[in-house]
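A.B. asks: pasting the structure only:
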């Protein structure tokens, strides 16, 4: 069994624009696990533990999606939260474009044989932090309001990546299983 997910990496330029906001987020004093800038990605579909015998079919289907789709540009904008401002568990950056959502839906549909759809997968988002407790909740809420309309720039989506996620004490380690160039 391998713990897998399908993702799109964030460009270096966009990471540079996100960094000062993440620095501000850490100053809130909230109890957070901040995602390392080097790990920033849009999860298109989390597959969970997958039997290794299914991986060839997963890669075949992802290759088919990539073949049929052209690369496209997305605009990253706004800080938001899951599930709501009163009970924040995830802090994320959103996108304005629907093409990434369309890609997510295609990946989700093609790989439903591995894992059925989760509710959060309908919202394209870039997780920047997970909230571990309610410490400094008010400061965290103020941070979200301050950056809810912030623009983080544009980037080209030109490949999908199938990752293996290995859970360790120090956090998850992501290894590329295979990359798929779009169109």
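C.D. replies: Perfect, thanks for sending it. Only a predicted model underlies this, so the values are computations on that prediction, with no experimental measurement involved.
A.B. asks: could you pull out the helices for the chain?
C.D. replies: 12-26, 55-68, 99-110, 137-147 (DSSP state H).
A.B. asks: Nearest approach to residue 85 belongs to which of those?
C.D. replies: Between residue 85 and the helices of the chain, the shortest separation by C-beta to C-beta is 5.7 Å, and it involves helix 137-147. To be clear about C-beta, it is placed using only N, CA and C from the backbone, and glycine gets the same treatment.
A.B. asks: And that closest one, how far out from the chain middle?
C.D. replies: With C-alpha atoms, centre = their mean, to the nearest Å as the basis, helix 137-147 stands 21 Å off its chain's centre.
A.B. asks: Check stretch 36-56 too.
C.D. replies: With C-alpha atoms, centre = their mean as the basis, stretch 36-56 stands 10 Å off its chain's centre.
A.B. asks: which other residues reach it?
C.D. replies: 1-10, 15, 18-19, 22, 58, 95, 100, 103-104, 107-108, 111, 113-115, 118, 121, 124-128, 160-161, 163, 172, 174, 177 (C-beta atoms under 8 Å, 6 or more residues apart in numbering).
A.B. asks: Just the ones in strands from the residues you listed, please.
C.D. replies: Judged by DSSP state E, strands contain the following of the contacts of stretch 36-56: 2-9, 95, 125-128, 160-161, 163, 172, 174, 177.
A.B. asks: Grab the longest strand from the protein for me.
C.D. replies: Ranked by residue count under DSSP E, the longest strand found in the chain is strand 72-84.
A.B. asks: between that one and strand 2-9, how many degrees?
C.D. replies: 120 degrees (axes from the mean of the first three to the mean of the last three C-alpha atoms, to 10 degrees).
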